[in-house]
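1. Sharing a model that was predicted from the sequence below.
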Amino acid sequence: MTVARQNTLLVALLLAIVSSGCVHRRLTIRSQPDGARVFVDGKEAGFTPTAVDFTYYATREVRLVKPGFETKTEKVRISTPWYQMPPLDFLSDNFSPGHVSDRREIRFTLEPQVVVPQNELLDRANSLRTDSRIGK
């Protein structure tokens, strides 16, 4: 092997090491109205609007809780982009020039909580009790 060819390989190897890429994945969660407590896969993530980093593409369970509003729980699928499909993911994670940023955003609209009057609630409970006694 010639010296020029060895130097070219050495420079290429050094560039590959120095320019090692990185993929930064971030999920932003917003709600209308703001200020809902957010849980992602059962772990508290803060209050909307909030953002969480993630490592793997998958379906996440997002739950929003706010006093005066119905609790909202939804399964959110975070699809894998083409450059993160095997075997391309090895290249984009390790050798892409610069940093790759994958930002996702989901929005939720919270519904006001419906307050059922106590006498209507008691009527429903009694109806269920009666139905269970007669085997419905």
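-> All right, it came through fine.

2. Neighbours of Asn126, how many?
-> For Asn126, the number of neighbouring residues by other Cβ atoms under 10 Å comes to 10. Where C-beta positions appear, they are placed from N, C-alpha and C, glycine not excepted.

3. what ranges do the helices span in this protein?
-> Read by DSSP state H, the chain holds these helices, from start to end of the chain: 3-18, 88-94, 118-133.

4. How far away from the center of its chain is stretch 29-46?
-> The chain centroid and the centroid of stretch 29-46 are separated by 11 Å, computed with Cα atoms, centre = their mean, to the nearest Å.

5. Mind listing what's buried along it?
-> 29-31, 36-40, 45 (16 or more other Cβ atoms under 10 Å).

6. end to end, how far does it reach?
-> Between the opening and closing residues of stretch 29-46 lies a distance of 10 Å (Cα to Cα, to the nearest Å).

7. thinking again about what came up before, of the buried residues of stretch 29-46, which belong to strands?
-> Secondary structure assignment by DSSP state E places 29-31, 37-40, 45 of those in strands.

8. nearest to Pro86, of those?
-> Val40 (25.0 Å; Cβ to Cβ).

9. Tell me the bridge partners for that closest one.
-> Legend: beta-bridge partners of Val40 under DSSP bridges are Lys43, Val62.

10. for the chain, where's the lowest mean pLDDT among helices and strands?
-> In the chain, no helix or strand scores lower on mean pLDDT, DSSP states H and E than helix 3-18, which sits at a mean of 65.

11. From Arg25, how far out is the nearest residue to Cys22 once chain neighbours are set aside?
-> Using Cβ to Cβ, 6 or more residues apart in numbering and skipping residues adjacent in sequence, the residue nearest Cys22 is His99, 5.0 Å away. His99 sits at a distance of 11 Å from Arg25 (criterion: Cβ to Cβ, to the nearest Å).
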